[in-house]
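> dropping a prediction and its sequence here:
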Amino acid sequence: MNTPKEELEETVNCGSDDAETRESAGTVKPDSAAEVKNRKKTADDSQKTEPDKNEKKKTGKEKEKKEEQDSKNDLIVKFSIEVPKEEIDKKFEETAVKYAGEAKLAGFRKGKIPIEVVKSRFKEAITDEVVNKAIEEAVYKRIDKDKLKIAAVPGVEKIDHKEGKNLKADIEVEIFPEITLPDLEKIEIQVPALVLEEYNEKKQVDAFLEENRRRSPVTKRDIKEKDQVSLKYQSKLLDTKRMTPKKEVDYTVSKEGECEIPELYKDLVGKKLNDRITVKRKYPEDYKKKIWAGKELEHYIEIEGIFELVKPTIDKDFLQKIGFSDEEAFKKQLKSNYEQYEKNQRENKISQLIVDKLIEVCEFPVPQSLVEQEVAQFVSQYAQTPINLKDNEEARKMLAPLKPQAEKSIKLSLILDSVKEEFKIEVTSDELETEYKKIAEKNSIPVKEIRKYYLNSKKDLQNLKEPMLKEKVMDFLKEKIKIKEV
């Protein structure tokens, strides 16, 4: 159980005031993130919500019209909720009793604080908790009543709460769009006919051997570009004379080779095994390694190994290592792989053309909250800390170029979900069983263990089913949409 202080920190700051009406903007906290994401309820009317009975009458239609005009986004729905003071008072009493059992207060034993003392001492914290919970319950009750399919956590635009009065709040929430799929059989895409070039066995064998080059030690010549070297080095900051710890790295001697010492390849070409060299670098103020930024350093480098990449010879030893009994079987498989690759490339092209066409012909607004989440998620993969775009105008402007791609991604996801739902496409138990067997065979684990693992983990099972379901949807679209070879 949380202490009253922890409860206060976790609630929206909406404590009551005897004399004033408080206004604040915030976010209604759902029971869980999954609850919000999984609310798959259809909106009877995405723009018009039924006004509460206790709202001041302009007439229901006038209020709905004003809410619709105030929306900056077709998917934004605004409504008001009202919680009777009797319900607030009841929740206050219940919460005060809970605090009395948990709170610690000087002069009283835990659980023995008089209820009136609790109400006085923790009034603001209790009120905050009660108001936040009451708004949350009322908002989701309204969402369920209006059958809104919400795309984001509802936002609190305004709170009106005076002691002894009904609690009122203005709410704004973004919903999912209504998607009307086109007649798939009337859609046509044009794709180049599959024309396989005459198979060049020598070229494909040579390409395979090039990809499978092996490191061979060099002892009798100087370092050349494209060699791989094993280095040990230590660095000294010249302003403080401080030495950094010794470091061992492997490095490809080329302009593209990755090393924290820039352009090191220039200093290595022509050197020999066991040579020791000293190089000096002046690093810019914005250098990626902070301890070196704006500093001048000397790097003391020892060349411990030189290697060249050599194409293997097709002999018995090499064939056994790659799983073939003889050269003929190897070349036969290589040709089969080449032909399958060309066919896969064509299938991928068809899939992309279908995706582009569906995005073009399906017109509907995309929830901007989901677009911002997509952008933030993409950037957070490369950022050191999570990015929240909601209250960060500068970040939104900086990341604006990523929005078109994010919007396209969200739109496609919504279209494919609509296809899946409308045509009742799902992964069958037999298809799952086949996938279990593939995983079991690949990992040399009994299939019953694989099955048990996934059935005991809903998250992992869902992650397994998602790509399978996406593939089924794409296969379905390829059957329905006309594919014309040109």
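That came in fine, so what should we check first?
> and the residue nearest the centre of the chain, how far from Leu370?
Nearest to the geometric centre of the chain sits Gln377, at 4.3 Å (Cα atoms, centre = their mean). According to Cβ to Cβ, to the nearest Å, Gln377 and Leu370 sit 10 Å apart. Using the backbone N, CA and C atoms, a C-beta is placed for each residue, glycine as well.
> strands along the stretch 301-450 of the chain, start to end?
Taking DSSP state E, counting those that start in this stretch to define them, one finds no strands in the stretch 301-450 of the chain.
> just for it, where's the confidence low?
Counting by pLDDT under 70, the ranges of the stretch 301-450 of the chain that qualify are 382-396.
> go again using 90 as the cut-off
Applying pLDDT under 90 to the stretch 301-450 of the chain picks out residues 342-343, 372-373, 375-403.
> got the domain ranges for the chain?
Residue ranges for the domains of the chain, per automatic domain parsing: 4-174, 215-310, 321-485.
> report the secondary structure state of Glu248.
Secondary structure for Glu248, judged by DSSP: H, G, I helix; E, B strand; the rest coil, is strand.
> what sits against the residue nearest to Gly305 when sequence neighbours are not counted?
Distances taken as Cβ to Cβ, 6 or more residues apart in numbering put Ser230 closest to Gly305, at 3.6 Å, once the chain neighbours are dropped. The contact partners of Ser230, taken as Cβ atoms under 8 Å, 6 or more residues apart in numbering, are 248-251, 303-307.
> so His299 bridges to which residues?
Beta bridges link His299 to Ser235, Val279, judged by DSSP bridges.
> count of residues packed around it?
His299: 20 surrounding residues under other Cβ atoms under 10 Å.
> is it correct that it is in contact with Val279?
Yes. If you go by Cβ atoms under 8 Å, His299 and Val279 touch, sitting 5.1 Å apart.
> shared neighbours of those two, anything?
By Cβ under 8 Å, 6+ apart, the residues touching both His299 and Val279 are Ile261.
> can you show me the helices along the stretch 151-300 of the chain?
For the stretch 151-300 of the chain, applying DSSP state H, counting those that start in this stretch gives helices covering 201-211, 265-268.
> sorry, back to before: so which of the domains of the chain is the most surrounded?
domain 4-174 (a mean of 16; mean count of other Cβ atoms under 10 Å).
> let me know the outermost residue of this structure.
Lys220 (51.3 Å).
> distance of the residue nearest to Ile277 when sequence neighbours are not counted relative to Glu256?
Spatial nearest neighbour of Ile277, chain neighbours left out: Ile301 (5.1 Å); criterion: Cβ to Cβ, 6+ apart. Ile301 is 19 Å from Glu256, where distance means Cβ to Cβ.
> what do you get for Gly107?
Relative to Glu256, and taking Cβ to Cβ, Gly107 is found at 72 Å.
> what does Glu185 give?
Distance from Glu185 to Glu256, by Cβ to Cβ: 49 Å.
> so Ser80, which of the three states?
Strictly by three-state DSSP, Ser80 counts as strand.
> identify the bridge partners of it.
Applying DSSP bridges, one finds that Ser80 bridges with Asp170.
> hmm, it is touching Leu167, no?
No. With contact defined as Cβ under 8 Å, Ser80 does not count as touching Leu167 (11.0 Å).
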